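Undergrad: need a structure here:
(chains A and B)
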Amino acid sequence: MAKASQKTDPQSAGMYASAEKIYPREQKGRFANYSKVATLALLGIYYVLPWLAWDGRQAVLFDLPARKFYLFGLTLWPQDFPYLALLLIIAALSLFFFTALAGRLWCGFACPQTVWTEAFIWMEQWTEGTRSQRMKLDKAPWSWNKLRRKGGKQFLWVTFSLWTGFTFVGYFTTIRELGPALAQLQVGGWTLFWGLFYSFATYGNAGYMREQVCKYMCPYARFQSAMFDRDTLIISYDEARGEPRGSRKRSVDYKAAGLGDCIDCTLCVQVCPTGIDIRDGLQYECIACAACIDACDSVMDKMGYPRGLVRYTTEHSLHGTKTRVMRPRMLVYAMLLLVLVSALVTSMVTRTPVILDVIRDRNALYRELADDIIENSYTLKLINQGSAQRDFHLSVAGVPGLVLEGVDSVITVAAGDVRSLPVRARAHRDDAYGIMDITFSVVATDDDGVVVVEDSRFIGPMP
Amino acid sequence: MINEQYRGARQWSRKRQAVATVAWISFLSAAVATMLFFAVFDPVDLAGLLDLDISRDPGYAIGFFFFWAISALCSGVTAWLVRTAPKRDKKHR
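TA: Predicted coordinates:
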């Protein structure tokens, strides 16, 4: 490795030096492999999902212009909003649960900020090389080599960002039509705008802002410590074993020399994507990516010391007490999660795949026809949320002798379609006076269990 | 020896932190607000109320940027007021 630079800039000599870019060092190891698998799997899901087809349509499509969400076999409508709310609550609770159990797993392995930063760092390594090569390159004056390497990195970053933006838009517009439309320059202005917007955000967040997003902009990073207790899995340096740290020759009996296991190689600092020193203790900047564990383990192997000077552990176990996994906090989170997930599943399984909306004609209270007949007008919206075409019967009740006009005896609605039905209800003047509550009901012809009932009002002359 | 003179990771200036945090948090709030709001209201219906002819795509976008602007204004002014507040004197600390 390069010799320590002896130059000390008086302006930045302090602990809080002005901006120093972080060059995370490449590190092989167990957790680096987990992270690689997680990154590839999550990126794979993101980039592949919109290309999947289901029943002749895009499997996952948030069709905002039509106000319909397709999720494989499921079609969600604005009326299904409670599911979305429930899903968000479940997601938040899961985050609490896993944080209390295993610390910042989310930050280290699953957060989009981490995943895309990882991918961008790979591209950086392919074009600009290892940590020391990158540092040297940045210090070097502009040359053909520097231009070529920096240009290559920018080309990969920009292309990958654009592809990311394209995929993002592909969740909202049919992605298979998006490519040809783009080639013919026939993409709508808003589609283009959101695609470029998302590309730019990806480029900025993963290419440049990186750990600063976690440190300054992420609310979860600040409040996650509230979910920690002494039994939460954290990444920690074993101070009792490591200190006093210091360099030594392999041949020296370091224990006799009064040294601990830490050889002070600072590799754990060099690999850290947020640039902290894990040996200073638990810090909120730590995203628990476990790169320092890999780094330290490799050094311990080389020195012939046991692994785990930096390791996943809990505060209790660090202080020699037993770690309890099942604790009241975990049980409460688990119970709540169980209740909410079963509520979501039950309501989704038992939901009636039909929606009926009744809107009373506001232009006239009622019309008087010949033979003392009173007529009210309504607009009915019948929505078939199912995945097959269906026939329905419509009926109305609440006023004696109430009949419907202008309605077919069998109403056919295509899968995922909305039928708008102008309907007139008629009753005799003797039966219909004042404001009366009525109910419209729709029954599927093939299944009596599929029924929706909607209340409305029938208005007649005041008696 | 691999020890390098490590000066600590780069840190953003207070101003940059404030701008980035306000922009990002108001962006997230706007995203949530847009989702909740348009799950209940259809932009076409809203435009109809105001006698405007706006289709859904621009409707969503206008809604999103409106929410973003409002939340950025709110958190921006809050951050500014907190940061520029007079310091408390010692006896109250």
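Undergrad: mind picking out the helix or strand in chain B with the poorest mean pLDDT?
TA: helix B:43-49 (a mean of 84; mean pLDDT, DSSP states H and E).
Undergrad: quick one: residues in contact with the worst-scoring helix or strand of chain A on mean pLDDT.
TA: In chain A, the helix or strand scored least confidently by mean pLDDT, DSSP H and E is strand A:74-76, which has a mean of 82. Outside strand A:74-76, the residues within contact range by CB atoms under 8 Å, 6 or more residues apart in numbering or on different chains are A:K68, A:F69, A:Y70, A:Y83, A:L84, A:M348, A:Q385, A:S387, A:G416. Every residue, glycine included, has its C-beta placed from N, CA and C.
Undergrad: strands - which of these land there?
TA: A:K68, A:F69, A:Y70 (DSSP state E).
Undergrad: what about A:R362, which helix or strand?
TA: Per DSSP states H and E: A:R362 is located in neither a helix nor a strand.
Undergrad: check what pLDDT residue 13 gets.
TA: In the absence of a named chain, this looks at chain A. A:A13 is assigned a predicted lDDT (pLDDT) of 38.
Undergrad: oops, wrong one, chain B.
TA: For B:S13, pLDDT reads 82.
Undergrad: number of residues surrounding it?
TA: Look at B:S13: counted by other CB atoms under 10 Å in any protein chain shown, it has 10 neighbours.
Undergrad: quick one: low-confidence parts of chain A?
TA: Along chain A, segments meeting pLDDT under 70 span A:1-20.
Undergrad: so in it, which helix runs the longest?
TA: In chain A, assigned by DSSP state H, the helix with the most residues is helix A:144-170.
Undergrad: which strands and helices lie in contact with that helix?
TA: Applying 3 or more CB pairs under 8 Å, 6 or more residues apart in numbering or on different chains; DSSP states H and E, one finds that helix A:144-170 contacts helix A:30-48, helix A:112-128, helix A:131-139, helix A:175-183, helix A:189-202.
Undergrad: just send these back as CSV, with distance to A:R245 and mean neighbour count too.
TA: Converted to CSV, the helices and strands packed on helix A:144-170 look like this (distance: least, CB to CB, whole Å; neighbours: other CB atoms under 10 Å in any protein chain shown):
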stretch, distance to A:R245, mean neighbour count
helix A:30-48, 22, 15
helix A:112-128, 28, 19
helix A:131-139, 22, 15
helix A:175-183, 53, 14
helix A:189-202, 40, 17
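Undergrad: and of these, who's closest to chain B?
TA: Nearest to chain B among those is helix A:189-202 (4.7 Å), distances taken as CB to the nearest CB.
Undergrad: before we move on, back to that, the least confident helix or strand of chain A: how far from the chain's middle?
TA: Chain-centre distance of strand A:74-76: 19 Å, with CA atoms, centre = their mean, to the nearest Å.
Undergrad: for it, buried residues please.
TA: For strand A:74-76, burial by neighbour count (16 or more other CB atoms under 10 Å in any protein chain shown) applies to A:T75, A:L76.
Undergrad: now the nearest residue to A:R230 once chain neighbours are set aside: how far from chain B?
TA: Leaving out its chain neighbours, the residue that sits closest to A:R230 by CB to CB, 6 or more residues apart in numbering or on different chains is A:E315, at 4.2 Å. To chain B, A:E315 is 25 Å away according to CB to the nearest CB, to the nearest Å.
Undergrad: now do A:L162
TA: 20 Å.
Undergrad: cool, A:V443 as well?
TA: For A:V443 relative to chain B (CB to the nearest CB), the value is 28 Å.
Undergrad: the residue nearest to A:A432 when sequence neighbours are not counted: how many residues sit nearby?
TA: Leaving aside its chain neighbours, A:A432 sits nearest to A:G460 (3.5 Å; criterion: CB to CB, 6+ apart). Neighbourhood size, A:G460 [other CB under 10 Å]: 22.
Undergrad: same check, this time on A:P461
TA: Neighbours of A:P461 (other CB under 10 Å): 12.
Undergrad: so it touches A:R429, yeah?
TA: Yes - the criterion here is CB atoms under 8 Å, and A:P461 meets it with A:R429 at 7.0 Å.
Undergrad: tell me which residue lies farthest from the centre of chain A.
TA: Distance from the C-alpha centroid of chain A, by CA atoms, centre = their mean, peaks at A:D371 (63.1 Å).
Undergrad: sec struct for that residue, please.
TA: helix (DSSP: H, G, I helix; E, B strand; the rest coil).
Undergrad: that one and A:L404, how far apart?
TA: 17 Å (CB to CB, to the nearest Å).
Undergrad: same question for A:F168.
TA: Distance from A:F168 to A:L404, by CB to CB: 47 Å.
Undergrad: what does A:I89 give?
TA: 41 Å.
Undergrad: more neighbours: these two, which one.
TA: With neighbours defined as other CB under 10 Å, A:I89 and A:L404 compare such that A:L404 has more, 17 against 14.
Undergrad: report the distance from the top helix by length along chain B to the chain centre.
TA: For chain B, the helix that runs over the most residues, judged by DSSP H, is helix B:56-84. Remark: helix B:56-84 is offset 5 Å from the chain centroid, using CA atoms, centre = their mean.
Undergrad: can you check stretch A:205-223 too?
TA: The answer for stretch A:205-223 is 16 Å, by CA atoms, centre = their mean.
Undergrad: cool, stretch A:69-79 as well?
TA: 18 Å.
Undergrad: repeat for stretch A:173-191
TA: Worked out by CA atoms, centre = their mean, stretch A:173-191 lies 25 Å from the chain centre.
Undergrad: now do it: everything it contacts.
TA: A:50-51, A:58, A:61, A:166-167, A:169-170, A:172, A:195, B:57-58, B:61.
Undergrad: flag the shaky bits of chain B, pLDDT-wise.
TA: Ranges of chain B meeting pLDDT under 70: B:1-10, B:91-93.
Undergrad: tell me the centre residue of it?
TA: B:S26 (1.7 Å).
Undergrad: touching chain A at all, the strand or helix carrying that one?
TA: According to DSSP H and E, B:S26 maps onto helix B:14-40. Yes - residues of helix B:14-40 contacting chain A under CB under 8 Å from any CB of the partner chain: B:Q17, B:A20, B:T21, B:W24, B:I25, B:M35, B:A39, B:V40.
Undergrad: can you pick the most crowded of those?
TA: Going by other CB under 10 Å, B:W24 tops those with 20 neighbours.
Undergrad: would you quantify the distance from it to A:A201?
TA: Noted for B:W24: a distance of 10 Å to A:A201, by CB to CB.
Undergrad: and chain A, is the longest helix of chain B touching that?
TA: Yes - against chain A, helix B:56-84 shows contacts by CB under 8 Å from any CB at B:R56, B:D57, B:P58, B:Y60, B:A61.
Undergrad: buried set for the helix or strand where A:L87 lies?
TA: If you go by DSSP H and E, A:L87 is part of helix A:81-102. Residues A:Y83, A:L86, A:I90, A:L93, A:F96, A:F97, A:F98, A:T99, A:A100, A:L101, A:A102 are the ones in helix A:81-102 that count as buried (16+ other CB under 10 Å).
Undergrad: could you list which of these also contact chain B?
TA: Of these, not one also sits near chain B (CB under 8 Å from any CB).
Undergrad: how about those in CSV, adding distance to A:S161?
TA: As requested, the buried residues of helix A:81-102 are exported to CSV (distance: CB to CB, whole Å):
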residue, distance to A:S161
A:Y83, 32
A:L86, 34
A:I90, 31
A:L93, 33
A:F96, 32
A:F97, 33
A:F98, 29
A:T99, 30
A:A100, 35
A:L101, 34
A:A102, 31
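Undergrad: perfect, that will be all.
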